[in-house]
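Engineer: the following comprises the amino acid sequence and a computationally predicted model.
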Amino acid sequence: MDKVGIRKAGNAGLVTTTAPAAPAPGDLLHTMPTRAIAGPRTARITKIMAYNNTGANVPLLFGTNDRAVVPAFVQLLPALVAINGLDNEWTEEEIPAVEWMSDETATAAGRTGNIHVVAGSVAVPVAGIMVSIEIEEFGEQ
Amino acid sequence: MSVVANIYDSDPISLIAKIKENLSIWTLGSWSHFQIINAEPLPGGTPMIAEMVTLSGRLTIAANGTIPVTAIPFLQPRANELLHLRWEPLDDVEGILWEQATQGRFNARAVHARVNRFTRLHDPNLALTTFWVLGLDRNMALEVRNPNPVALPIARFHFFGFRYMLTPLKAEPSVTTYLPAEGF
């Protein structure tokens, strides 16, 4: 039996990707609860919606960065290509059950921390992709 | 035969004693004795949802923040009335139960347990959330915590259960149901 959690939208709401100077840290999609307040929760992405009107297909990279020893974007899912001019959707069945963790302890792998997205690549980020996620947070099961 | 109420069994909520039966309630540090005159369910619904952000005069509950202990007006009974309630949050917030704003419920030496959206996972009937309010000015109060790192505009809690009408008895009856209603 799989775990049961609290399903909700990413708390950054509807996000439009940005193109900062490389290396891109990723745009924040969901801030994890902190261990001190909520206990060590984890979260899975259960749905992704993205709209791309940039004129070309753009890969979306989902990962984290802010709790690595040396903060840098760490990709945790394979790239998903947002097709230009299409409402791109990925649902729970198509997304591996990768869990982002709320533990504040910095790890070399950078697997704990908030959920970020990079459009394009870390070296050449692409602005203007609208991204919204649904997540499920686990805490007591 | 006198019995101790099975108030924390994991079953769906039901009357702890029948109408015209006796009830001995542990409150204010001693047993008080009553007969149940009448009872009726409080099945919940919109009037029994407490929205604690508005109730506490706020616009939001802050990120990782707290709403201090707040009494809920619709859970204030009349004299010689007993409320028998279970509850859960409808939003991703945690509730901490207090008696009279000072005596914590559901606590042990080093922990004060909370009710949250996960409670129903291991306690489907919310039996462990059972609490009681007896008579005038013996209010319950709720403290709310937001486990999210973002402010929330809403923090709803839903209550349901029973209301008992009681008449006091002068002496301990020979047959009664003992109800340890207060924390210790």
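Structural biologist: Here it is on my side, so go on.
Engineer: any chance you could map the helices in the chain?
Structural biologist: You didn't pick a chain, so chain A it is. For chain A, applying DSSP state H gives helices covering A:35-38.
Engineer: look at chain B instead
Structural biologist: Per DSSP H, chain B carries helices over the ranges B:52-55, B:119-122.
Engineer: now do the last one, average pLDDT.
Structural biologist: I take that to be helix B:119-122. Rounded to a whole number, the mean pLDDT of helix B:119-122 is 92.
Engineer: tell me how far that helix is from the chain's mean position?
Structural biologist: Relative to the chain's own centre, helix B:119-122 is displaced by 17 Å; criterion: CA atoms, centre = their mean, to the nearest Å.
Engineer: buried stuff in it?
Structural biologist: The neighbour-count check on helix B:119-122 (16 or more other CB atoms under 10 Å in any protein chain shown) flags residue B:119 as buried. To be clear about C-beta, it is placed using only N, CA and C from the backbone, and glycine gets the same treatment.
Engineer: could you measure from the nearest residue to residue B:72 once chain neighbours are set aside over to residue B:120?
Structural biologist: Residue nearest to residue B:72 in three dimensions, not counting chain neighbours: residue B:50, with 4.7 Å by CB to CB, 6 or more residues apart in numbering or on different chains. As for residue B:50, its distance to residue B:120 is 18 Å (criterion: CB to CB, to the nearest Å).
Engineer: next one: residue B:76
Structural biologist: Remark: distance between residue B:76 and residue B:120 (CB to CB) = 26 Å.
Engineer: check residue B:22 too.
Structural biologist: Computed as CB to CB, the residue B:22 to residue B:120 distance reads 33 Å.
Engineer: OK, contacts around residue B:65?
Structural biologist: If you count contacts by CB atoms under 8 Å, 6 or more residues apart in numbering or on different chains, residue B:65 has them with B:145, B:146, B:151.
Engineer: count the neighbours of residue B:115 for me.
Structural biologist: Here the count is done by other CB atoms under 10 Å in any protein chain shown, and residue B:115 has 23 residues near it.
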